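J.: how does the following fold in three dimensions:
(one chain, ligands or ions: 3)
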Amino acid sequence: MKAVVDPKKCTVCGVCAEACPFGAITVGETSVDVSDECTLCGMCVDTCEFGAISLPEAGAGVSTDSAEYSGIWVYAEWRMGTIHKVSHELLSAGRKLADRRGVALCAVVLGHLLDEDLLRELPEYGADRVYVVDHPRLAHFTDESYANALVELVRLKKPEILLAGATSMGRSFIPRVAALLGSGLTADCTDLDISDEGLLLQTRPAFGGNVMATIVCPHRRPQMATVRPKVMRPRKIEGRSGEIERLSVPEECLVGRVEVLEVIPERDQTAKLTEADVIVSGGRGLRKPENFALLEDLAHLVNGAVGASRGAVEEGWIAPSHQVGQTGRTVAPTLYMAVGLSGAIQHVVGMQGSKVIVAVNKDPDAPIFEVANYGIVADLFEFVPALIRRIRQERGEDS
Ligand SMILES: Cc1cc2nc3c(=O)[nH]c(=O)nc-3n(C[C@H](O)[C@H](O)[C@H](O)COP(=O)(O)OP(=O)(O)OC[C@H]3O[C@@H](n4cnc5c(N)ncnc54)[C@H](O)[C@@H]3O)c2cc1C
Ligand code: SF4
Ligand code: SF4
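T.: Ligands and ions are numbered 1, 2, ... in the order given. As a prediction, the model looks like this:
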């Protein structure tokens, strides 16, 4: 988008060109041209005494644009030879949206030396078609090359909706894609739906998690959202097939200013936490850092991982990578034990997808009991050691 000159009013006086700090206006013999350098700063508008130059209205061109766009895309995140699970979750959610809208669901994969089996798995999660760009310059993720490649594909195929995981990769380059396409982006959604008119209803916590806001993007296409891992459930239909289409993008758009020299795999608890089947989380009720050893013992016994509330993290009792919640990780294990944490809404949004929630709290009115399947009103320092003893006894181990 750029400033618009009305040729009927413009006298080609050139005053606006002098006012433009970005050199975006060229004055010719008979007309004035505004280039893509225009940042829509608006400096030129008031300088024109003929009212010939203006900024485009927000939402201008809506009806024409949206009619050209069709289909739902999920960016399938490939990294180090695997597809991130959130992409499977999004494909399953996207399948429902596409069926309701009566359009195709497509997965888009960017990378290099992509494994055919991984690609063939994407239709099993719901994709009708898989668009693939396989290029050596996409072997390692960089914001610029990935964003440029995705933008090229969107301009070529014009999907009406583009979804991606709110992972570190998605959070990094999808906003750039939205900016380059001049569209909106709702980050970190926890729910998605679609209206009869095809508007993507993007729900996410707002105002510190105190309200769940549903956001729409009525004027721009594609409608774009990132969704947190684990808030949607993947559904795999073994043997379901789809078309795989290999595409290329112009070489120049893959040349960026960043070169990846080495990739060092992350070695913290985060991955363990999001993948764990059992999570034992502690809060301020633990009173001091050493007491987390109690939860570690319990987690170890049940082959689980240790999570934490932000309260405990802020106290410095445990590393931030363990934090569950709105500003931490979203988890959905089979069993989530909330021990000595109150159950603030910002914590609950990160764990409410768990299959079974067990809460241990000495306050019977603690909000965590509202989401717990099993609530234990007890002092954690009595209950947790007793539970550990009981598990060991059941297994015939020494207590
Ligand atoms: C923008 C924003 C984002 C946030 N993001 C997150 C987030 O991602 N994750 C998160 O967790 N929080 C988040 N918070 C903070 C959140 O609002 C709460 O402040 C925080 O979760 C409280 O931590 P807590 O439950 O450990 O502490 P408290 O609220 O102090 O609760 C401690 C609980 O322990 C119980 N207790 C105490 N002693 C015992 C005992 N001996 N036995 C049993 N129970 C006991 C108490 O009854 C109490 O319920 C966020 C806040 C904001 C404003
Ligand atoms: S100032 Fe107005 S009239 Fe003059 S060149 Fe710019 S748009 Fe045209
Ligand atoms: S809006 Fe700003 S950047 Fe665009 S042409 Fe006018 S002065 Fe230049």
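J.: just the CA trace of stretch 356-376, in PDB.
T.: What follows is stretch 356-376, C-alpha atoms only, in PDB (Å, rounded to 0.1, in the frame of the first residue of the first chain):
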ATOM      1  CA  VAL A 356      -6.900 -35.300  34.000                       C
ATOM      2  CA  ILE A 357      -6.000 -32.500  36.400                       C
ATOM      3  CA  VAL A 358      -5.300 -33.200  40.000                       C
ATOM      4  CA  ALA A 359      -4.900 -30.200  42.400                       C
ATOM      5  CA  VAL A 360      -3.300 -30.200  45.800                       C
ATOM      6  CA  ASN A 361      -3.900 -27.100  47.800                       C
ATOM      7  CA  LYS A 362      -4.600 -26.300  51.400                       C
ATOM      8  CA  ASP A 363      -7.100 -23.600  50.500                       C
ATOM      9  CA  PRO A 364     -10.500 -25.200  49.700                       C
ATOM     10  CA  ASP A 365     -11.400 -22.000  47.800                       C
ATOM     11  CA  ALA A 366      -8.300 -22.000  45.500                       C
ATOM     12  CA  PRO A 367      -9.400 -21.300  41.900                       C
ATOM     13  CA  ILE A 368      -7.500 -24.400  40.700                       C
ATOM     14  CA  PHE A 369     -10.200 -26.600  42.100                       C
ATOM     15  CA  GLU A 370     -12.600 -25.100  39.500                       C
ATOM     16  CA  VAL A 371     -10.600 -26.800  36.700                       C
ATOM     17  CA  ALA A 372      -9.400 -29.900  38.600                       C
ATOM     18  CA  ASN A 373     -11.000 -33.300  38.000                       C
ATOM     19  CA  TYR A 374      -9.700 -34.400  41.400                       C
ATOM     20  CA  GLY A 375      -9.200 -31.900  44.200                       C
ATOM     21  CA  ILE A 376      -7.200 -32.700  47.300                       C
END
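J.: average pLDDT across that stretch?
T.: In this model, stretch 356-376 has an average pLDDT of 97.
J.: hmm, it in reach of ligand 1?
T.: Yes: remark: stretch 356-376 sits within contact range of ligand 1 at V360, N361, K362, D363, A366, by Cβ under 6 Å from any ligand atom. Glycine gets a C-beta too; all of them are placed from N, C-alpha and C.
J.: grab the nearest non-local neighbour of the third one.
T.: I take that to be K362. D379 (5.2 Å; Cβ to Cβ, 6 or more residues apart in numbering).
J.: what's the burial count for the one you found?
T.: D379: 12 surrounding residues under other Cβ atoms under 10 Å.
J.: report the separation between it and A293.
T.: Remark: distance between D379 and A293 (Cβ to Cβ, to the nearest Å) = 17 Å.
J.: one more: I357?
T.: Distance from I357 to A293, by Cβ to Cβ: 23 Å.
J.: when the two are compared, which one has more neighbours?
T.: Neighbours per residue, other Cβ under 10 Å: of I357 and A293, the larger number sits with I357, 22 against 11.
J.: any idea how far the more buried one is from V384?
T.: Counting by Cβ to Cβ, the gap from I357 to V384 is 16 Å.
J.: of the residues of stretch 356-376 next to ligand 1, which is the nearest to A344?
T.: Among the residues of stretch 356-376 next to ligand 1, A366 lies closest to A344 (Cβ to Cβ), at 10.0 Å.
J.: which sections of the protein are below the confidence cut-off?
T.: Applying pLDDT under 70 to the chain picks out residues 57-65, 208-209, 266-271, 398-399.
J.: where exactly do the helices run in it?
T.: 15-19, 62-68, 85-101, 116-124, 143-157, 168-181, 270-275, 292-301, 310-314, 345-348, 368-371, 380-394 (DSSP state H).
J.: between these, which gets nearest to V45?
T.: helix 15-19 (8.2 Å).
J.: now do the closest one: which elements does it pack against?
T.: When contacts are defined as 3 or more Cβ pairs under 8 Å, 6 or more residues apart in numbering; DSSP states H and E, helix 15-19 sits against strand 25-27.
J.: quick check, V306 in contact with G283.
T.: No: the criterion here is Cβ atoms under 8 Å, and V306 misses it with G283 at 11.9 Å.
J.: who has more neighbours out of those two?
T.: Neighbour count, other Cβ under 10 Å: between V306 and G283, G283 has more, with 26 against 23.
J.: next one: that one relative to A308, how far apart?
T.: Distance from G283 to A308, by Cβ to Cβ: 7 Å.
J.: before we move on, what about K2?
T.: Counting by Cβ to Cβ - K2 and A308 are separated by 49 Å.
J.: cool, W78 as well?
T.: Applying Cβ to Cβ to W78 and A308 gives a distance of 31 Å.
J.: residues contacting the residue in the stretch 101-250 of the chain positioned nearest to ligand 3?
T.: Nearest residue of the stretch 101-250 of the chain to ligand 3, counting by Cβ to the nearest ligand atom: G182, 14.2 Å away. Neighbouring residues of G182 by Cβ atoms under 8 Å, 6 or more residues apart in numbering: M1, R220.
J.: with V216 instead?
T.: Contacts of V216 by Cβ under 8 Å, 6+ apart are S195, L199, L200, L201, Q202, Q223.
J.: if you look at those residues, which of them are in strands?
T.: L200, L201, Q202, Q223 (DSSP state E).
J.: any idea what the first one is bridged to?
T.: Beta-bridge partners for L200, by DSSP bridges, are I194.
J.: relative to S183, how far out is it?
T.: 11 Å.
J.: more neighbours: which of those two?
T.: L200 (26 against 18).
J.: close enough to count as contact, that one and R221?
T.: No: here L200 does not reach R221: they are 10.3 Å apart, not a contact under Cβ under 8 Å.
J.: tell me the buried residues within the residues of stretch 356-376 next to ligand 1.
T.: Listed as buried from the residues of stretch 356-376 next to ligand 1 are V360, N361, A366; burial here means 16 or more other Cβ atoms under 10 Å.
J.: please report how far the last one lies from G283.
T.: Which is A366. For A366 relative to G283 (Cβ to Cβ), the value is 10 Å.
J.: show me the contacts for M212.
T.: T190, D191, T203, R204, P205, A206.
J.: go on, H135?
T.: Taking Cβ under 8 Å, 6+ apart, we find H135 in contact with H112, A149, S248, V249, L254.
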